[in-house]
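Q: Whatever this is, show me its structure:
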Amino acid sequence: MRSSEIDTTGIEEAPENVEFSQGDKVDILVYKFTDLGATVIIDDKYFGLVYENDIYKEITVGDRMKGYIKKIREDNKIDVSLRKIGYGRIEDAKEKILARLKAKGGSLPLNDDSSPEKIKKALQISKGSFKKAIGGLYKEKIIDITSKGIKLK
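A: You can find the predicted model right below:
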C-alpha cells in the first residue's frame, strides 16, 4: 500500500480537543515515513507521530495496529508509541522475555552487556526496557543472570 492510497479527508493535524490522554490505547494506521519516524493516523481521526527510536519492529505503510498515546504536545500534535507507556512497558517486556525463554529451552544469550541492537533484534524491545525487565524477573526469582545470558530457574 502507498500513502497516496490512504484517504486522509477530515484527519486533523493538531486537534484542539482530543478524547484521550497519555497512556491510552488507540488504533493506528501507518500513513508514511519521515526523517523523524512514522506518521500515523490515530482512530481514523488524527495524525500522530511514532518517533524512529520508538519503532522496534518492522512496520510498513498501511499496517494497522495498536498504539499508545505518548504525549499531546503544546502545539497539539500527538506523539504515539508502539509500546505501552511507563511501567506497563516493563510488564510487556517481562512477558516477551519469558515467552522467548520458554520457546528457546529456558535460556537466552542476552544480558546487561548485550548490545542494544542484539536485544532489539531478538526481542523487539529497547535495552533500557530489557534491563529493567530482567532486573524485575531476577528479583522475583524467576530467572538467573549470568555472564553468558539469562535462564529460567
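
Q: and residue 71, what does it touch?
A: Shown in contact with residue 71 (C-beta atoms under 8 Å, 6 or more residues apart in numbering): 22, 78, 79. The C-beta positions use only the backbone N, C-alpha and C, and glycine is treated the same way.

Q: gap between the first one and residue 72?
A: Distance, residue 22 to residue 72, using C-beta to C-beta, to the nearest Å: 7 Å.

Q: The two - which one has more neighbours?
A: Neighbours were counted for residue 22 and for residue 72 using other C-beta atoms under 10 Å; residue 72 has more, 18 against 13.

Q: Does residue 71 belong to a helix, a strand or coil?
A: strand (DSSP: H, G, I helix; E, B strand; the rest coil).

Q: again with residue 125
A: Per three-state DSSP, the local secondary structure of residue 125 is coil.

Q: For it, which residues are in contact?
A: Residues near residue 125 by C-beta under 8 Å, 6+ apart: 56, 83, 92, 93, 96, 119, 133.

Q: One more: residue 101?
A: Contacts of residue 101 (C-beta under 8 Å, 6+ apart): 107, 108, 143, 150, 151, 152.

Q: Repeat that for residue 153.
A: 141, 142, 143, 144 are the contacts of residue 153 under C-beta under 8 Å, 6+ apart.

Q: Give me the pLDDT for it.
A: With respect to pLDDT, residue 153 scores 89.

Q: same check, this time on residue 75
A: In this model, residue 75 carries a pLDDT of 89.

Q: The residue lying closest to it once chain neighbours are set aside: neighbour count?
A: Once flanking residues are discounted, residue 75 sits nearest to residue 14: 5.9 Å by C-beta to C-beta, 6 or more residues apart in numbering. Each residue near residue 14 was counted by other C-beta under 10 Å, and the total is 12.

Q: swap in residue 133?
A: Other residues close to residue 133 by other C-beta under 10 Å number 24.

Q: Just list the residues touching it, thanks.
A: When the contact criterion is C-beta under 8 Å, 6+ apart, the partners of residue 133 are 90, 93, 94, 96, 97, 125.
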